[in-house]
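Visitor: Make a model of this:
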Amino acid sequence: MKNIVETIGFLVFVQGVGGLLYGWTGWFRFWALVRHIDFLGDRLLFVSIVLIVAGAAVMIAADSIRT
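Guide: Next up is the predicted model:
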């Protein structure tokens, strides 16, 4: 269970980093799944930062799971 939570946290973190790179440079358009969500509009950078923080929080919280 701990590995699954860490993997999910890592994937969320990578999506945030990909979104930031796409927002700043235009690269990684296939990695940035956030850009495909229409109602977020021009909030790509904010959502990407939130994803980075949330992914890091999930990865840190995974350490508290007892196996």
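
Visitor: contacts, neighbours, all on C-alpha from now
Guide: OK.

Visitor: In this protein, what residue spans correspond to helices?
Guide: In the chain, the segments counted as helices under DSSP state H are 2-25, 44-61.

Visitor: tell me which residues of the longest one are tucked away?
Guide: For helix 2-25, a neighbour-count test (16 or more other C-alpha atoms under 10 Å) marks 5-7, 9-10, 12-23 as buried.

Visitor: packing partners for it?
Guide: If you count contacts as 3 or more C-alpha pairs under 8 Å, 6 or more residues apart in numbering; DSSP states H and E, helix 2-25 packs onto helix 44-61.

Visitor: residues in contact with the nearest residue to L51 once chain neighbours are set aside?
Guide: Excluding the flanking residues, the one nearest L51 by C-alpha to C-alpha, 6 or more residues apart in numbering is G16, at 4.7 Å. Contact analysis of G16 by C-alpha atoms under 8 Å, 6 or more residues apart in numbering lists 32, 47-52.

Visitor: Only the buried subset of those residues, as a PyMOL command please.
Guide: For the buried members of the contacts of G16, the matching PyMOL selection, counting by 16+ other C-alpha under 10 Å, is:
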select buried, resi 32+47+48+49+51+52
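
Visitor: Among the contacts of G16, which pair sits farthest apart?
Guide: A32 and V50 (13.5 Å; C-alpha to C-alpha).
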